[in-house]
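1. need a 3D model of the sequence below.
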Amino acid sequence: MASRNANLVVSGINGELRVGDIVISIDEDYSYLVGTIIDISKFGTLEHQNSNVTDDVYVDFSGDNYSFQRKSEIEMMFSDLYDEYKPYNELPIDEVIMSPDMLIDTSIFEPHEFEALHKSEEAAKELCNRVIADNGFIKGESTIDTKSKITEEHLYSPLRFYLHNPREEEKNGEDGIYDLFDNRYEISDVQASEHMDAIELAIRRDRDKMDKVHGLAEFLPEGLKEKVWSIFPDVDYTNGIDQNGRLIGALHCVTKLELTAELTQQDMLELKDWWRGQLSDGWGEGFEYREIKVGNEELYVVPWSHDFDFYIDTQAEFDVRMGNVLPADALESAASDNNPLEAKIGMLKERFDANYESYHDTWVNGCTTHDLIEVAEHIVNIRRTHDYLINEHVYTEAEVDFLLKFKTPLDIISDRCGDPDDSFAKIIDSIMDTQDWTLSRARYELIADSAAKPSRYTSVMAHIRKSQEDKRNNPSAQKYAKNPKYNHGDDVL
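-> Below is the predicted model:
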């Protein structure tokens, strides 16, 4: 609204206030919101529109300078007030009538303290209390850690959603946590998106139990804690374009990070490994195990599973996965950041993907159901290995340099993993301890040798390809290849 009283002055907590001043509220209903005065109405004038016995100060609190954490706190405050989720951009805070004795003029704050007002309620409250105690003059050094964030990052991971009907459980005479998990049923993310308001409100209430400033970052190892200011998980709908040009979308766990220093590739891999452990515990204090009321049923959000398609992506990696950025563009970006190790890791992962795609092509196009049953254990092993190498392993430069020597590095690791309980990290350590032995065996084709001589090692998939070729040359075997009753390779996968 345009001010008709730009020259009016009122008395705030720590001095005079005018239209255009930036203030912070200590009023209980708008606690520690920062905004700009847009108009003033003096008590007793025609413009004074309510029963307040003080001057009216109109303040716009809807600025965009708040940190993600502060916006979440504000959303939580109003969601509790309305008893339903209220997103920040829909809050009625762009023209709030305030009493001047509830406002502090922020011009007395140093730049780093002014920034702290926007970071968290805790930081704003401490600074405001000191102003009140000191009659508007801040004495001494602030105890608030006001590190400026260098950048924001996001980690993306898939979710699963389950519904449970407690009335049905009661009717069947069942109770207890084990019965609950036995009787709940999975729903799609499309179905879950119908309950986004309830999910968002549950997340905000869960966040209220976390550290108000740092969120789950307070549980980080010391090395990462020095660089990661805050970690707050959320649920959001993401979309992209698949390889066929079709629009795709899904609900994901979108974990928002605030960083005080740039993370190296090693830092990010360690962070992903730590975050995977947090997700497997249901994140925070067990968000996965707390029911979300949706009508007569209970919804559960599960952020982790044993599935082979589970992943944790950075923003750049997720853009590639969703078809918003080409892999080559992501690799070029990594190299342009003058991080040669990151670029080499990208090259190695591309080679792992190429190895896996070669296997997958054989499974889909070159195998009958009988063939797939015969090599089912091998397929599981390849998929587990690929998933670990792409999403979990923390690479050293020596490991990357060694594995890049080979045309099919995925085979080197998967061949040594025969038990589902085997530790991939220990397997790779063993490979690194026996590099000369691995190189001397001539079992795995080196990049330098790939054009000169074939490998003397025949893989399981090569045997299958040979078997398929023999069947094509044997008319009596072709009925199995052509009859749909026996050929369900696509269905199996």
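
2. give me the below-cutoff pLDDT ranges for the stretch 351-493 of the chain.
-> Counting by pLDDT under 70, the low-confidence segments of the stretch 351-493 of the chain come to 364, 366, 418-422, 436-443, 447-493.

3. 50 instead, please
-> 449-460, 476-493 (pLDDT under 50).

4. just the stretch 201-350 of the chain next, same as before
-> 331, 334-338.

5. ranges for the strands of it?
-> 228-241, 247-259, 292-294, 297-302, 313-314 (DSSP state E, counting those that start in this stretch).

6. using a markdown table, please lay out these together with distance to Asp208 and mean neighbour count.
-> In this view, the C-beta of every residue, glycine as well, is placed from N, C-alpha and C. Formatted as a markdown table, the strands of the stretch 201-350 of the chain follow (distance: least, Cβ to Cβ, whole Å; neighbours: other Cβ atoms under 10 Å):
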| stretch | distance to Asp208 | mean neighbour count |
| --- | --- | --- |
| strand 228-241 | 11 | 19 |
| strand 247-259 | 16 | 19 |
| strand 292-294 | 15 | 16 |
| strand 297-302 | 17 | 20 |
| strand 313-314 | 27 | 19 |
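
7. tabulate those strands (TSV), appending distance to Phe352.
-> Below are the strands of the stretch 201-350 of the chain laid out as TSV (distance: least, Cβ to Cβ, whole Å):
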stretch	distance to Phe352
strand 228-241	22
strand 247-259	23
strand 292-294	38
strand 297-302	27
strand 313-314	15
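
8. Gly346: which of those strands is closest?
-> For those, the distance to Gly346 is smallest for strand 313-314, at 11.9 Å, taking Cβ to Cβ.

9. tell me which other helices or strands the closest one touches.
-> strand 151-158 (3 or more Cβ pairs under 8 Å, 6 or more residues apart in numbering; DSSP states H and E).

10. quick one: work out the angle between the strand it packs on and strand 297-302.
-> Angle, strand 151-158 to strand 297-302, by axes from the mean of the first three to the mean of the last three Cα atoms, to 10 degrees: 120 degrees.

11. starting at the chain centroid, how far to strand 151-158?
-> 4 Å (Cα atoms, centre = their mean, to the nearest Å).

12. CA atoms of it as PDB?
-> The C-alpha coordinates for strand 151-158 follow below in PDB (Å, rounded to 0.1, in the frame of the first residue of the first chain):
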ATOM      1  CA  THR A 151      26.200 -21.800  -1.000                       C
ATOM      2  CA  GLU A 152      23.200 -24.100  -0.900                       C
ATOM      3  CA  GLU A 153      23.100 -27.700  -2.000                       C
ATOM      4  CA  HIS A 154      20.400 -30.400  -2.200                       C
ATOM      5  CA  LEU A 155      20.500 -34.100  -1.900                       C
ATOM      6  CA  TYR A 156      17.700 -36.100  -3.600                       C
ATOM      7  CA  SER A 157      16.600 -39.700  -2.800                       C
ATOM      8  CA  PRO A 158      13.600 -41.800  -3.600                       C
END
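
13. that strand: partners in the sheet, and parallel or antiparallel?
-> strand 247-259 (antiparallel), strand 313-314 (antiparallel) (DSSP bridges).

14. okay, the angle between the longest one and strand 228-241?
-> Read it as strand 247-259. Using the same axes, to 10 degrees: strand 247-259 against strand 228-241 is 170 degrees.

15. what's next to stretch 283-301, contact-wise?
-> Here stretch 283-301 makes contact (Cβ atoms under 8 Å, 6 or more residues apart in numbering) with 159-167, 177, 184, 192, 195, 198-199, 202-203, 206, 209-210, 216, 233, 235, 253, 278, 281-282, 302-304.

16. now the buried members of the residues you listed.
-> 159-166, 184, 192, 195, 198-199, 202-203, 206, 210, 216, 233, 235, 253, 278, 282, 302-304 (16 or more other Cβ atoms under 10 Å).

17. now, the residues you listed that are in helices?
-> In this view, the buried ones among the contacts of stretch 283-301 that belong to helices under DSSP state H are Pro166, Ala192, Ala198, Ile199, Ala202, Ile203, Asp206, Gln278.

18. of all those residues, which comes closest to Asp387?
-> Gln278 (18.5 Å).

19. give me the nearest residue to the closest one, chain neighbours excluded.
-> Leu216 (6.4 Å; Cβ to Cβ, 6 or more residues apart in numbering).

20. who's in contact with the one you found?
-> If you count contacts by Cβ under 8 Å, 6+ apart, then Leu216 has Met210, Ile231, Phe232, Pro233, Gln278, Trp283, Gly284 around it.

21. as CSV, those with distance to Glu445 would be great.
-> Compiled in CSV, the contacts of Leu216 are given as follows (distance: Cβ to Cβ, whole Å):
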residue, distance to Glu445
Met210, 50
Ile231, 43
Phe232, 46
Pro233, 43
Gln278, 40
Trp283, 43
Gly284, 47
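
22. and of these, the nearest to Asp313?
-> Pro233 (14.2 Å).

23. for the spatially closest residue to that closest one that is not a sequence neighbour, give the beta-bridge partners.
-> Excluding the flanking residues, the one nearest Pro233 by Cβ to Cβ, 6+ apart is Thr255, at 4.7 Å. Beta bridges link Thr255 to Leu155, Pro233 when assigned by DSSP bridges.

24. measure Glu317 to Ile37 for me?
-> For Glu317, the distance to Ile37 equals 45 Å [Cβ to Cβ, to the nearest Å].

25. let me fix that, I meant to ask about Glu218.
-> Taking Cβ to Cβ, one finds Glu218 at 36 Å from Ile37.

26. what do you get for Gly20?
-> Taken as Cβ to Cβ, the span from Gly20 to Ile37 is 6 Å.

27. more neighbours, those two?
-> Ile37 (24 against 10; other Cβ atoms under 10 Å).

28. what does the helix or strand hosting the more buried one rub up against?
-> Following DSSP states H and E, one finds Ile37 within strand 34-41. Contacts to strand 34-41, defined as Cβ under 8 Å, 6+ apart, come from residues 1, 3-5, 8-10, 17-25, 47-49, 55-63, 65-66, 93, 95-96, 106, 117-118, 124.

29. good, wrapping up.
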